[in-house]
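J.: Starting from these lines, generate the structure:
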Amino acid sequence: MAKIAPFKGLRPRADIVEKVAALPYDVSNKDELNASKWNHFNFNHITRSEVDLPETTHRNSPEVYLKAKDNLERFIKEGILIQDNQECYYIYQLVMNGRSQTGLVCCSSLEDYAEDRIKKHEFTQPDRVLDRANHIKVTGAHTGLVFLACKDVSDMNRTLEDWKTNHQPVYKFASEDQISHTFWVVDNPEIIAHLTTVFEEQVPNTYIADGHHRTASASQVAEEFTQKKGIATADQYYLTCIFPESQVAIMDYNRLVLDMGTISKEAFLEALQQDFDLTAVPDNTPYRPAKPHEFGMYLGKQWYQLQVKPGSYKDNAVDILDVSILQQNIFSKILGIHDPRTDNRLEFVGGIRGLSYLQERVDSGDMAMAFSCYPVSVGQLFEVADSGSVMPPKSTWFEPKTRDGLVVHLLNHSTKQ
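T.: Coordinates of the predicted model:
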């Protein structure tokens with residue numbers, strides 16, 4: 001069963017939390033990073049500390065990690081971040097477009113990850129794992145929340161809602177993208193013990209939704225620590241936010257195709273009809289699929305509805321996914337795009353950008369065609385992870401994004417080496 005633990009969170013003062021909060025380290029674009037460097041309090045100074053170094057500095061150079069360590073120490077010295085006196089859990093609620101989701105911020109066991117009780121559904125890239133592992137080792141901290149999900153447990157859901165109802169939050173603010181962020185400190189020992197027991201007795205597995213590289217990095221560092229004497233048990237846990245299944249929203253992850261290769265438009269449309277029923281959208285508005293096994297396609301200034309024909313795909317946890325059907329029956333079979341991880345003819349677009357963005361990219365001539373997809377469900381994610389399989393790349397887009405900087409988990413290894 002899942003093991004979680006409270007911790008003494010390092011958190012920003014309430015009067016500056018809005019200035020500290022930052023998007024996850026791998027989400028911010030170049031313009032957002034450049035803008036954040038002029039904000040003395042922004043957490044990017046820690047998670048993306050290259051903003052404080054010359055532009056020629058390589059993102060993975062030792063100077064970057066040392067600067068992150070210096071900046072974290074500055075944040076503590078200046079009282080920007082203050083550590084709680086007791087071990088706590090935390091509750092984090094995000095509201096986007098009227099939809100609310102609530103999760104439990106805690107430390108999750110890296111032993112659970114090693115023994116596959118924290119389930120994976122993606123491959124990781126060694127260079128990205130090494131980057132965050134170096135960041136953890138040099139700063140002595142887990143600085144970013146890893147987004148985990150679990151199946152609904154009524155005891156957990158009820159406890160979180162009761163605490164929210166009966167206690168004032170320590171933070172409540174809206175970020176620039178109009179997402180509301182509310183944060184509670186759970187400092188009652190009985191409630192802390194109850195939540196720990198709920199996971200020990202009722203939650204067999206948690207699932208990585210967003211944060212495979214951060215999890216692998218934390219695990220790698222913990223393995224290194226176990227080779228040294230005097231390593232604290234707390235260092236075998238890492239910073240997570242666990243959302244029950246009913247709270248998780250997955251958006252569509254759409255595709256743009258650079259060119260049609262050697263096939264003509266007419267031949268392409270004809271080839272599609274082997275595996276799909278093809279219908280031009282009458283009013284030519286951007287088409288958002290209404291159900292699984294349905295796609296929108298924009299080609300030649302025309303939107304189409306594609307309906308998958310029965311028997312044109314395999315019935316297993318991975319191949320039944322719409323993103324798999326799209327890859328196998330169109331990209332690979334017709335267009336010759338066989339490896340979506342490396343083929344630069346394919347571009348992935350998170351659903352947060354909207355369908356009009358897809359149409360604009362095609363109309364501008366940047367891309368030849370666009371495909372809109374029906375979102376993967378949380379249940380499908382669980383099924384793939386439980387089967388020990390991995391999803392195709394860029395299958396899930398989670399919104400809203402949790403913010404870095406609301407709480408940090410400090411390790412103990414730096415004082416015990």
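
J.: Would you list the phi and psi of the spatially closest residue to Pro286 that is not a sequence neighbour?
T.: Nearest residue to Pro286, sequence neighbours excluded (Cβ to Cβ, 6 or more residues apart in numbering): Leu355, at 3.6 Å. C-beta: built from backbone N, CA, C; applies to glycine. When read as degrees, to the nearest 10, the backbone of Leu355 gives phi -70, psi -30.

J.: And Leu355, what's its pLDDT?
T.: pLDDT, Leu355: 95.

J.: Quick check: it vs Ala141, distance?
T.: Leu355 is 40 Å from Ala141, where distance means Cβ to Cβ, to the nearest Å.

J.: cool, Gly296 as well?
T.: Counting by Cβ to Cβ, the gap from Gly296 to Ala141 is 43 Å.

J.: biggest strand in the chain, by residue count?
T.: Secondary structure of the chain per DSSP state E: the longest strand is strand 99-109.

J.: Count the neighbours of Gln302 for me.
T.: Residues within reach of Gln302, counting by other Cβ atoms under 10 Å, total 10.

J.: Okay, and Pro375 sits in which element?
T.: Under the criterion DSSP states H and E, no helix or strand holds Pro375.

J.: ditto for Asn34
T.: Using DSSP H and E, Asn34 falls in helix 30-36.

J.: List the buried residues for that helix?
T.: When burial is assessed from 16 or more other Cβ atoms under 10 Å, helix 30-36 yields the following buried residues: 33, 36.

J.: what's in contact with the helix or strand following it?
T.: Next in sequence after helix 30-36, counting helices and strands by DSSP H and E, comes helix 44-47. Helix 44-47 is contacted from outside by 22, 24-25, 28, 33, 36-37, 51-52, 68, 71-72, 75, 135, 139, 143-144, 404-405, using Cβ atoms under 8 Å, 6 or more residues apart in numbering.

J.: and what of stretch 254-266?
T.: Contacts for stretch 254-266 (Cβ under 8 Å, 6+ apart): 268, 271, 299-300, 326, 331, 334-337, 344-351, 355, 358, 361-362, 366-373.

J.: so how far is it off the chain centroid?
T.: 29 Å (Cα atoms, centre = their mean, to the nearest Å).

J.: Straight-line length of that stretch, end to end?
T.: Length of stretch 254-266, first residue to last, Cα to Cα, to the nearest Å: 23 Å.

J.: And stretch 203-222, by the same measure?
T.: 23 Å.

J.: same question, stretch 364-374
T.: Across stretch 364-374, the terminal residues are separated by 25 Å (Cα to Cα).

J.: just how off-centre is it within its chain?
T.: Offset of stretch 364-374 from its chain centre (Cα atoms, centre = their mean): 24 Å.

J.: Can you name the residues in contact with it?
T.: 252-260, 286-299, 322-323, 326, 330, 347, 355, 358-359, 361-362.

J.: Cross those residues against helices and list the overlap.
T.: Counted as lying in helices by DSSP state H, out of the contacts of stretch 364-374, are 322-323, 326, 355, 358-359, 361-362.

J.: where along the stretch 151-300 of the chain do the strands fall?
T.: Counting by DSSP state E, counting those that start in this stretch, the stretch 151-300 of the chain has these strands, from start to end: 171-174, 180-186, 206-210, 237-244, 250-251, 253-257, 276-280, 294-299.
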